[in-house]
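Asks: Please work out how this folds:
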Amino acid sequence: MKPFSDVVVAGGGPCGCFTAFNLANHGVDVTVFEEHKEIGVPSHCAGHLSIRGLERLGLHGLHSPIVENKYCGAVFHSPNGKQFRIRFSSPVTCSVNRTLFDKYVAETAEKAGVRLLRGSRVESLIIEDEYVRGVAVKRDNSGTVENVSAKIVVDAEGIGSRFLRQAGLQVPNRDLIVNAIQTEVENVTDTESDMVEVFLGRQYARGFYGWLMPKTDGKAKLGLATNSGNPERFLQRLMLKHPTASPRLRKARILSKSFHPITLGGPLPRTCTNGFLAVGDAASQVKPTTGGGVIFGMTCSKIAAQVAHEALRKNDLSLGFLVEYQKGCQRLWGFDVRFMLRIRRMLNAVSDAKIDSAIDFCSKAGLDKTLQEFGDVDLQGRSFLRMLGRPRSVPAFLYLFLLYLSTKH
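Replies: Numbering: from 1, shown residues only. Modelled structure (predicted):
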């Protein structure tokens, strides 16, 4: 087996490249194998990211054309057309061009010294004596498979789960995966350029929601996900029949479309074993409420790099040491993930009629003023706790608690 790098990363998406970037900053020799010849292609994700989350990652300097638009809030639409709006005083989220964003993260990693080999598909792990010792790689579509060694292998392949199974780890629960369609459209009318729109309801986006994200070039990102049925048919129904969406989308023209799964079950119970770590979508590091995984996964990737560097320094590549990665992610995200999972279960159980009622109540009760104190769209559990102390929050939270109880029967 050919010696290659101290660390090999399978997958050149943002989580894989960010792991590699942080390892390289620690002086680790690291190689990323990316199966596609071009980073960020094909693109599937809508690229809706929190600005505060980007700042925490040190990526606050992004500008156009990577950043397509910034948003000060959202409009939530119920199945029968009721609306609830929340607007912040300054932008809280942004839309990024995922192809350009992925390229930026990859180029940043390469400038730090990462070896990034495009057109190189990792076929399998190499396991010896219960340790992951390297990978088998097919490079440049040559058909020839080369075995390369590494002290640690990082799985950043995405939701495919090939390497998790080989490493003997649990894979994401298929029952908690939704299938999404993402499109770019033109000829959308009556949009607010600095507001995202969210469409709720089983008849339009069963088990998730739909979204409309205006861009500054007059186009928009439109998509949804569903836990059953064909997402493309749900999108057609949203565009043609939704009481508030259809008047503005009926004449919209779809310029491009893509499909991708989203895991909503929260992080896997184990994301590492001897000589092996999983990051990003591969580890189900995705917010159960919104399906956002870029900020979540890249934050965990930074922890993975810290633990991997320390493991190499101490020459201890065992699960007993690498489990510190798991613990670090749990300390950072554990409470918030538990909160988001409860919210996801409630949203999946509530009927369209109750969604209509809840949106109507939130609008009439002035909940928008309370939610303006929702400090962080990533750390949602902690933001919720901070709001509990506000007197004007009590009626709204009592209502939402009763709604939650009603879904338990």
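
Asks: mind showing which ranges of the protein have poor pLDDT?
Replies: 1, 141, 366-409 (pLDDT under 70).

Asks: Show the subsequent helix or strand relative to the longest helix anywhere in it.
Replies: Ordering each helix of the chain by length in residues (DSSP state H) puts helix 319-349 first. Counting by DSSP states H and E, the next helix or strand C-terminal to helix 319-349 is helix 352-364.

Asks: now the angle from that following helix to helix 319-349?
Replies: If you take axes from the mean of the first three to the mean of the last three C-alpha atoms, to 10 degrees, helix 352-364 sits at 90 degrees to helix 319-349.

Asks: Now do the buried residues in helix 352-364.
Replies: Within helix 352-364, the residues that qualify as buried are 352, 355, 356, 357, 358, 359, 361, 362, 363, counting by 16 or more other C-beta atoms under 10 Å. Using the backbone N, CA and C atoms, a C-beta is placed for each residue, glycine as well.

Asks: Can you redo those residues as CSV, where the extra columns are distance to residue 131?
Replies: Putting the buried residues of helix 352-364 into CSV (distance: C-beta to C-beta, whole Å) gives the following:
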residue, distance to residue 131
352, 51
355, 50
356, 55
357, 55
358, 51
359, 53
361, 55
362, 52
363, 57
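
Asks: Out of those residues, flag the one nearest to residue 79.
Replies: residue 352 (4.3 Å; C-beta to C-beta).

Asks: Phi and psi next, for residue 287.
Replies: Dihedral angles of residue 287 (phi, psi; degrees, to the nearest 10) stand at phi -70, psi 120.

Asks: For it, grab the count of nearby residues.
Replies: As a burial measure, residue 287 scores 23 neighbours (other C-beta atoms under 10 Å).

Asks: now swap in residue 319 and tell me
Replies: 15.

Asks: now residue 112
Replies: Neighbours around residue 112, by other C-beta under 10 Å: 16.

Asks: nearest spatial neighbour of it, skipping sequence neighbours?
Replies: Excluding the flanking residues, the one nearest residue 112 by C-beta to C-beta, 6 or more residues apart in numbering is residue 24, at 4.1 Å.

Asks: Please apply the same query to residue 276.
Replies: Using C-beta to C-beta, 6+ apart, the closest residue to residue 276 is residue 132 (4.1 Å).

Asks: Assign a three-state SS to the one you found, would you?
Replies: At residue 132 the chain is in strand, as set by DSSP: H, G, I helix; E, B strand; the rest coil.

Asks: Next, the contact list for it, please.
Replies: Residue 132 makes contact with 125, 126, 152, 153, 167, 273, 274, 275, 276, according to C-beta atoms under 8 Å, 6 or more residues apart in numbering.

Asks: Helix or strand for the third one, just tell me which one.
Replies: Under the criterion DSSP H and E, the helix or strand holding residue 152 is strand 145-155.

Asks: Adjacent strands (with direction) for that strand?
Replies: The pairing partners recorded for strand 145-155 under DSSP bridges are strand 2-10 (parallel), strand 131-139 (antiparallel), strand 276-278 (parallel).

Asks: rewinding a little: out of the contacts of residue 132, who has the most neighbours?
Replies: Among the contacts of residue 132, the one with the most neighbours (other C-beta under 10 Å) is residue 152, at 29 neighbours.

Asks: For it, give its distance to residue 89.
Replies: Noted for residue 152: a distance of 45 Å to residue 89, by C-beta to C-beta, to the nearest Å.

Asks: One more: residue 264?
Replies: For residue 264, the distance to residue 89 - C-beta to C-beta - is 31 Å.

Asks: Also residue 277?
Replies: Look at residue 277 and residue 89: by C-beta to C-beta, they are 40 Å apart.

Asks: Give me the more crowded residue out of those two.
Replies: Ranked by neighbour count (other C-beta under 10 Å), residue 277 and residue 89 place residue 277 first, with 30 against 8.

Asks: Please verify my assumption that the more buried one contacts residue 150.
Replies: No. Contact criterion C-beta atoms under 8 Å: residue 277 and residue 150 do not qualify, at 11.5 Å.

Asks: Please enumerate the shared neighbours of the two.
Replies: If you check residue 277 and residue 150 against C-beta under 8 Å, 6+ apart, no residue is contacted by both.

Asks: how far does the helix or strand containing residue 222 sit from the chain's center?
Replies: Residue 222 is part of strand 220-226, with elements assigned from DSSP H and E. Centroid separation for strand 220-226 versus its chain: 14 Å, with C-alpha atoms, centre = their mean, to the nearest Å.

Asks: So what are the sheet partners of that strand and their directions?
Replies: Counting by DSSP bridges, strand 220-226 is paired with strand 177-186 (antiparallel), strand 210-214 (antiparallel).

Asks: For that strand, list the C-alpha coordinates in CSV.
Replies: Listed next in CSV are the C-alpha coordinates belonging to strand 220-226 (Å, rounded to 0.1, in the frame of the first residue of the first chain):
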residue,chain,number,x,y,z
ALA,A,220,-35.3,33.5,-7.3
LYS,A,221,-34.6,30.2,-5.7
LEU,A,222,-37.7,28.0,-5.3
GLY,A,223,-37.9,24.6,-3.7
LEU,A,224,-39.3,22.2,-1.2
ALA,A,225,-38.9,18.8,0.4
THR,A,226,-41.3,16.1,1.3
